[in-house]
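fold the following and give me the result.
(one chain, ligands or ions: 1)
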Amino acid sequence: AVQHRLWPEIDKMVKQQVAMARMGIGECGTGWQLFAEDGEMKMYRREEEVDGMVVDPLKAVHVVKGITGHEVCHYFFSPKYRYDWETTLEHMTVLETISDDTLMFLQTHKRIWPASQREAVFWSHMRKLPNDQDRDGPDMWTVVNNSTEDPSHPANVGKCVRIYLTVCLLCQTRVHPPKDGTPITRDNVSCKITYCSVVNPGGWAPASVLRAVYKREYPKFLKRFTTYVINQTKSKPIMF
Ligand SMILES: O=S(=O)(CCO)c1ccc(-c2ccc(C3CCCC3)c([C@H]3C[C@H]3c3ccccn3)c2)cc1
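Numbers count the residues shown, from 1 in each chain. Below you'll find the model as predicted:
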């Protein structure tokens, strides 16, 4: 099949983001602060500014029982579920279906006073990754979202300020087979989730407001999303 113009960028970005997501917090350089903790979920951020704008990188690690990496990535990637779990979303459009595992989105997020409303244009790619560490271990799944230009949707022409984001959701399924050899149930699976994101707000917004928004919204977002996947999958066959 003919390669899509974005494919080389997507492939390079996915490999780069997954390599970074797999690194432990200690290896990710210094300056990470644990800013939220809820049971198994630990959320870190680093305070960074670009041209006076807050672009704090975020890294969250979480372990959730009863769901698999494929399921987590499936519900994160598919547009049809997004309004159910992404509470700050005002509008979402699929601008282009690049392939069955690669979409281009336009999203507007609810305005956060006093900042002006934001929008994002990004490609989103879902991929299963060979578990190169442990050959017979379960595979890993990832979704990478990365802002891109779209000639038919130039930045900052309307009322919305264009943000620039790079997001990586990396999921590693763990299976604990029952001792008595009975079939695997949801009690025997769990998923280690690593969520990394860097968001450039695109235009000036008060650092204190942005940091307060991230501190409030990111823990809420990950908790709500993982709870959503648990509820959507509990009565369905396991998707490995
Ligand atoms: O993981 S995703 O790809 C899932 C697809 O939706 C993702 C996550 C988060 C965002 C995002 C981008 C910018 C903002 C801010 C920046 C200045 C003003 C709006 C916020 C604010 C709304 C807050 C927020 C933070 C964390 C989670 C959700 N909501 C969120 C975009 C995409």
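
the residue lying farthest from the centre of the chain: which element?
Here the centre of the chain is the reference, and by Cα atoms, centre = their mean the most remote residue is residue 180, at 36.7 Å. For residue 180, there is no helix or strand it lies in under DSSP states H and E.

report the central residue of this structure.
Short answer for the chain (Cα atoms, centre = their mean): residue 169, at 4.0 Å.

what's across from it in the sheet?
residue 143, residue 195 (DSSP bridges).

dump the residue contacts of it.
72-73, 76, 142-144, 193-195 (Cβ atoms under 8 Å, 6 or more residues apart in numbering). Where C-beta positions appear, they are placed from N, C-alpha and C, glycine not excepted.

how far is the lengthiest helix in the chain from where the chain is centred?
Of all the elements of type helix in the chain, the one with the most residues (DSSP state H) is helix 207-233. Relative to the chain's own centre, helix 207-233 is displaced by 11 Å; criterion: Cα atoms, centre = their mean, to the nearest Å.

likewise stretch 88-101?
14 Å.

buried residues in that stretch, which are they?
Within stretch 88-101, the residues that qualify as buried are 95, 98, counting by 16 or more other Cβ atoms under 10 Å.

name the surrounding residues that touch stretch 121-133.
6, 10, 14, 18, 70, 73-74, 77, 95, 98, 101-107, 137-150, 153, 155, 162, 165, 172.

inside helices: which ones of these?
Counting by DSSP H, these contribute 10, 14, 18, 70, 73-74, 77 to helices.

farthest-apart pair in these, please.
10 and 70 (19.6 Å; Cβ to Cβ).

quick one: low-confidence residue ranges for the protein.
Applying pLDDT under 70 to the chain picks out residues 1.

now residue 223. Nearest residue, chain neighbours left out?
Excluding its sequence neighbours, the residue lying closest to residue 223 (Cβ to Cβ, 6 or more residues apart in numbering) is residue 38, at 6.4 Å.

distance of the residue nearest to the centre of the chain from residue 17?
According to Cβ to Cβ, to the nearest Å, residue 169 and residue 17 sit 10 Å apart.

anything in contact with each of the two?
142, 144.

from the contact counts, what lies against the longest helix of the chain?
strand 33-38, strand 41-45, strand 53-54, strand 58-65, helix 69-77, helix 82-85, strand 189-200 (3 or more Cβ pairs under 8 Å, 6 or more residues apart in numbering; DSSP states H and E).

point out the most buried one among the ones you listed.
Ranked by mean neighbour count, these are led by helix 69-77 with a mean of 24 (mean count of other Cβ atoms under 10 Å).

from the chain's centre, how far out does it sit?
Worked out by Cα atoms, centre = their mean, helix 69-77 lies 10 Å from the chain centre.

for the ligand, what are the nearby residues on the chain?
When proximity is defined by Cβ under 6 Å from any ligand atom, the chain lies next to the ligand at 86, 88-89, 107, 109, 112, 115, 118, 120, 145, 163, 165, 167, 197, 199, 201, 205, 210, 213-214, 217-218, 221.

please pick the buried ones from the residues you listed.
86, 107, 109, 112, 115, 118, 120, 145, 163, 165, 167, 197, 199, 201, 205, 210, 213-214, 218, 221.

just the ones in helices among the contacts of stretch 121-133 now: which is nearest the ligand?
residue 77 (9.5 Å; Cβ to the nearest ligand atom).

excluding its backbone neighbours, what's nearest the closest one?
residue 126 (4.2 Å).

the one you found - how many residues pack around it?
Look at residue 126: counted by other Cβ atoms under 10 Å, it has 20 neighbours.

would you confirm that residue 165 contacts residue 148?
No. With contact defined as Cβ atoms under 8 Å, residue 165 does not reach residue 148; the gap is 10.5 Å.
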